[in-house]
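S.K.: fold the following, please.
(2 chains)
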Protein chains: 2
Amino acid sequence: MADSGARRSFWAWGMEADEPTVQQRQEMAAKLSQRYGVAVEPVPVPTAAGLALRQPRIKPPASLADVCSSDTHDRAVHSYGRSFRDRIRAFNLQFPNPPDVVAHPRDEKDVEAILDWCSSSGYAAIPYGGGSSTVGGIEPGEDSSGVVTIDLGNLNRVLEIDDVSRAARIQAGVYGPALEEQLRPHGFTLRHFPQSFEYSTLGGWIATRSGGHYATNHTHIDDFVESVRMITPVGVWESRRLPGSGAGPNPDRLVMGSEGVLGIITEAWMRIQARPQFRASAGVVFPTFQSGAEAVRQIVQAKLWPANCRLLDPGESASAAGMDGNHALLVIGFESAELPQGDLMRQAIAIASDAGGSVDGDGIRISGEPGGSTGREGAVGAWRSAFLGAPYQRNLTTGLGTVEDTLETAVTWDRWPQLDASVRGALQDALDRICGGGVVTCRFTHVYPDGPAPYFTFAGMGRRGAEIEMYDAIKKEASDAVMAAGGTITHHHAVGRLHKPWYQLERPDPFAEALRAAKRAVDPNGVLNPGVLFDP
Amino acid sequence: MADSGARRSFWAWGMEADEPTVQQRQEMAAKLSQRYGVAVEPVPVPTAAGLALRQPRIKPPASLADVCSSDTHDRAVHSYGRSFRDRIRAFNLQFPNPPDVVAHPRDEKDVEAILDWCSSSGYAAIPYGGGSSTVGGIEPGEDSSGVVTIDLGNLNRVLEIDDVSRAARIQAGVYGPALEEQLRPHGFTLRHFPQSFEYSTLGGWIATRSGGHYATNHTHIDDFVESVRMITPVGVWESRRLPGSGAGPNPDRLVMGSEGVLGIITEAWMRIQARPQFRASAGVVFPTFQSGAEAVRQIVQAKLWPANCRLLDPGESASAAGMDGNHALLVIGFESAELPQGDLMRQAIAIASDAGGSVDGDGIRISGEPGGSTGREGAVGAWRSAFLGAPYQRNLTTGLGTVEDTLETAVTWDRWPQLDASVRGALQDALDRICGGGVVTCRFTHVYPDGPAPYFTFAGMGRRGAEIEMYDAIKKEASDAVMAAGGTITHHHAVGRLHKPWYQLERPDPFAEALRAAKRAVDPNGVLNPGVLFDP
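M.R.: A predicted model of the protein is given here:
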């Protein structure tokens, strides 16, 4: 992220060094060719030399010149997140609406000065964390006269650790790995692992209500926020550090999920944890996804709170864990810094077995007990690697004509079977009609006592040049199906621009009015991330 | 609550039948006389015959006549909550500002019609649940031309139970016991037990972010709300039933803690639980409050999540559990509908022992294991009875000249020792100076990984007729000390009118502006509970 000289790729996940080689692209093209039965040309990836951006329309004041950039590559990198639509457009060197200026504040004073400049000039101010948005959350709108993207990357330090309360004051621009590196010597971890972990930031997680991996019981970043500090055009919005309170509506909860429209988060006191010493993991195989779902429901309703409780449908268990494609796989993990986890694991396994599951060949691994301890081998381990590597996989297929994405929701258990059927049906139907076929799979990334958070993956072969319109049509049908089946339009990917039409259906109308009014109160000139969450 | 003919007491906790007898008052007067070394006259309790209220200033439209009352007793009952200030004023028959009309809507349509009437006429509309507010949360302000208190007591049914997702749709006006009675035949419980349980309602809990007993891990009612339905002057604010979501700021979280200023909550889908079958309880004795606090910190940071984890200081353990006054008592309780809790209890006891605790003479009680199962005997049982009976105790002392109350906060562990010292010091100093002495005790009612929620009790002997000003002076010093020591002005008693000055210090300024703007958006005429949370 900040290696000297190393640059982020303007189109791919990761750094320029993560862009695929010619050979990798050729191999992928051949693979896709075989899979879809069509000729796939291994078109070369774009280079920065091909970037031709509109001239910046605005110029920062002299006092901010040091922290502002109008460099073409910098502006291109900050034009998009990493959604399917973003990757295709960036791959095709389509940057019709880049930010005019990318600001790199060194500290909060800079943030305030930049926001003042934007607010007084009426320029859009877009807070930017790691740029991993998959919903158009950091993309400039078309109707601003000037756009300043504010990259918080220099605010990257853990400022203070309270090891008695287990909390840390952390700057918002820190990326996942750098955050964990700074906590590790103290024996602590935030232990918030979204799939975007490598290229997302604390501030971004808070602004989008990120969901972490290893996070049953406390799932969203929301639960780990002790207090938050946000710069708004009308002043500093900072809550008191408190373990709990009943004093009026929780001010932090209005910041969480505000996606940059209320202010720029600069730091937060976060609840941290001692690093786990005791682990237990197991894979349980089920004859069907629905029997696995029933086991998950019972485990989470028994309040065993396994850190990890992921259920993969037969398609996912085949592609991610090398299984036979006829069985679902439940991955269970317990962990603790203080206490052996074997008994909890045995209780969870007992419930899963009663519900028709059988323990995966790799068995149960419990630290300190015979039979291994890491839980990094076997089906569980295969799944784990796939999880961390998934975003890079898309670098191989981008621009080869595929139409593929993931979408997530959450729904109560009573509605889950119908949602599964209708969303799967809508996706398959749309893929068949639009792409002439394709694959749909599902897993539970998170579970709650009252319902799962299903995560659908779909992929088909489109036509190069038409991928975005094909994608939009498929996404629309899936989103309509999610809403009709009682789900949320997003469990942890946020709203941004992509989900706005469905968010407007989900959000209570008077709340929408309240939120608009709240924004007007703290952002009177309407400069903060206009067009995200609601129309400007 | 709704026994035919039975009426709520207009001054005491509970029903008229709960008002103390002449003999009980005489005994209490003698006891106080002895305790404080002053003569205490057992002044008789007031009777409804003594009520003389201002004539109603407004009259409901004919269409609402059936659900509106201007009965004197009804208006008196709805004039105050049950704070110290409330009880004294009601006892003294001081009702300078009663509601003009008490509305008893039969359904949501009535609620809408009543709110429409208020909004179009500019009359204050005060949502009323069980009337247990201790912070002036349902008290009319002085500057309204007309006041309508809207008692939700008829909206008292569990409408729907989803036993797969473990959730229930419940009307907001249901009292605690009636709610549990309706869930019990289905094997479920909400298991939310604020001390006001008998005389508070679901809607009131949500509006004030109530904190429950038996609620480590998920403490406030907030965590049990799946969706909420609220009537506002601009329409219905209803969220989707969802186990989790990341779609923008959570709309429910703006309702929670809104204390009636944004709308009238009419129903909510609540997460319910199977009734516990397995229980484990223990009392652990510590040489000091601070050593007990250290044990509690370790237990909660180990994420054992005992349902109950209450620490009583030596003063509390003596008065509430009959101990010697030189030791602190930790009450630990585990429970589960599905799983034996013995192992968890043994792990908690091991941590507590390492921290210097020794198991109470009554031992550890674990269902299904030798040695008993109910946990209702011994020190633990004594404390439990005291907890449920405490509000009635005040009926005995009200009007005898005592100045007494409880106040609660929450604070991070690093700041806790200093907060304990300074709040205790401020209370004792104020009692000494103002009352010529008194007693201060403390317990943890709730604990979090990053800090406890301490609950202070104070009592001294004041002068009859001057109790309120004496109380106000003591409360002010304690509140100043809480704020200076980094606590919240309220962990679960809400803000109302009483805590407003300190809430204004705690609340981030831009959030205050956002909240005001949100209120203006949904309550354009400013009729909803004016003067609560912020000045009108």
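S.K.: tell me the contacts of A:Asp324?
M.R.: A:Asp324 makes contact with A:314, A:318, according to C-beta atoms under 8 Å, 6 or more residues apart in numbering or on different chains. Just so you know, the C-beta spots here come from the backbone N, C-alpha and C atoms, and that holds for glycine as well.
S.K.: where does it land on pLDDT?
M.R.: Looking at A:Asp324, its pLDDT is 92.
S.K.: residues of the stretch 101-250 of chain A that sit close to chain B?
M.R.: Applying C-beta under 8 Å from any C-beta of the partner chain, one finds that the stretch 101-250 of chain A approaches chain B through A:162, A:164-167, A:208-211, A:217, A:219-220, A:222, A:226, A:230, A:232, A:234-250.
S.K.: out of those, which are buried?
M.R.: A:162, A:164-167, A:208-211, A:217, A:219-220, A:222, A:226, A:230, A:232, A:234, A:237-250 (16 or more other C-beta atoms under 10 Å in any protein chain shown).
S.K.: counting only strands, which of these make the cut?
M.R.: A:162, A:167, A:226, A:230, A:232, A:237-238 (DSSP state E).
S.K.: how about those in CSV, adding pLDDT?
M.R.: Output for those, formatted as CSV (pLDDT from 0 to 100):
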residue, pLDDT
A:Asp162, 98
A:Ala167, 98
A:Glu226, 98
A:Met230, 98
A:Thr232, 98
A:Trp237, 98
A:Glu238, 98
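S.K.: thought A:Leu53 was touching A:Arg75?
M.R.: Yes. Counting by C-beta atoms under 8 Å, A:Leu53 touches A:Arg75, with 5.7 Å between them.
S.K.: these two: which has the busier surroundings?
M.R.: A:Arg75 (24 against 19; other C-beta atoms under 10 Å in any protein chain shown).
S.K.: which residue packs closest to that one, ignoring adjacent ones?
M.R.: Among residues not flanking A:Arg75 along the chain, A:Pro98 sits closest, at 4.4 Å (C-beta to C-beta, 6 or more residues apart in numbering or on different chains).
S.K.: list phi and psi for the closest residue to A:Pro249 other than its chain neighbours.
M.R.: Leaving out its chain neighbours, the residue that sits closest to A:Pro249 by C-beta to C-beta, 6+ apart is B:Gly257, at 4.2 Å. Backbone torsions of B:Gly257, given as degrees, to the nearest 10, read phi 90, psi 0.
S.K.: OK, contacts around B:Gly257?
M.R.: B:Gly257 makes contact with A:246-250, B:207-209, B:494-495, according to C-beta under 8 Å, 6+ apart.
S.K.: separation between the residue of the stretch 101-250 of chain A found nearest chain B and A:Asp162?
M.R.: Chain B sits closest to A:Pro243 of the stretch 101-250 of chain A, with a gap of 3.4 Å, by C-beta to the nearest C-beta. Separation of A:Pro243 from A:Asp162 (C-beta to C-beta, to the nearest Å): 11 Å.
S.K.: list residues touching both of those two?
M.R.: Taking C-beta under 8 Å, 6+ apart as the contact rule, the neighbours common to A:Pro243 and A:Asp162 are B:Thr412.
S.K.: A strand includes A:Phe334, no?
M.R.: Yes. Judged by DSSP: H, G, I helix; E, B strand; the rest coil, A:Phe334 forms part of a strand.
S.K.: show me the beta-bridge partners of it.
M.R.: For A:Phe334, the beta-bridge partners under DSSP bridges are A:Ala280.
S.K.: OK, contacts around it?
M.R.: Contact partners of A:Phe334, counting by C-beta under 8 Å, 6+ apart, are A:278-281, A:304, A:306-307, A:341, A:344-345, A:348.
S.K.: tabulate those in TSV, adding columns for secondary structure, neighbour count and pLDDT.
M.R.: Listed next are the contacts of A:Phe334 as TSV, based on DSSP: H, G, I helix; E, B strand; the rest coil; neighbours: other C-beta atoms under 10 Å in any protein chain shown; pLDDT from 0 to 100:
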residue	secondary structure	neighbour count	pLDDT
A:Phe278	strand	18	92
A:Arg279	strand	21	91
A:Ala280	strand	28	92
A:Ser281	strand	30	91
A:Leu304	coil	21	92
A:Pro306	coil	27	95
A:Ala307	coil	23	92
A:Gln341	coil	24	92
A:Leu344	helix	23	93
A:Met345	helix	23	95
A:Ala348	helix	30	96
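S.K.: after the helix or strand of chain A with the lowest mean pLDDT, next one along is what?
M.R.: The weakest-scoring helix or strand in chain A, judged by mean pLDDT, DSSP states H and E, is helix A:378-397 (a mean of 76). Remark: after helix A:378-397, the chain's next helix or strand is strand A:402-408, criterion DSSP states H and E.
S.K.: any weak-confidence spans in chain A?
M.R.: A:1-4, A:361-362, A:371-385 (pLDDT under 70).
S.K.: how does it divide into domains?
M.R.: Domain assignment for chain A, taken from automatic domain parsing, gives A:158-274, A:278-385, A:392-494.
S.K.: now render those as CSV, adding distance to B:Arg57.
M.R.: Shown next, in CSV, are the domains of chain A (distance: least, C-beta to C-beta, whole Å):
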stretch, distance to B:Arg57
domain A:158-274, 30
domain A:278-385, 52
domain A:392-494, 46
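S.K.: out of the ones you listed, which is closest to B:Gly173?
M.R.: Closest to B:Gly173 of the domains of chain A is domain A:158-274 (C-beta to C-beta; 20.6 Å).
S.K.: and the residue nearest to A:Pro249, how far from B:Pro20?
M.R.: Separation of B:Gly257 from B:Pro20 (C-beta to C-beta) stands at 34 Å.
S.K.: repeat that for A:Thr398.
M.R.: 78 Å.
S.K.: these two: which is more packed in?
M.R.: Looking at A:Thr398 and B:Pro20 with other C-beta under 10 Å, you find the greater number of neighbours at A:Thr398, namely 29 against 19.
S.K.: need phi/psi at that one.
M.R.: Dihedral pair for A:Thr398: phi -50, psi 130, per degrees, to the nearest 10.
S.K.: what's the answer for A:Pro243, then?
M.R.: With angles defined as degrees, to the nearest 10, A:Pro243 sits at phi -70, psi -20.
S.K.: who touches it in this structure?
M.R.: A:Pro243 is in contact with A:165, A:226, B:410-412, B:448-453, counting by C-beta under 8 Å, 6+ apart.
S.K.: before we move on, back to that, what about the residue nearest to A:Arg75, neighbour count?
M.R.: Using other C-beta under 10 Å, the number of residues around A:Pro98 comes to 24.
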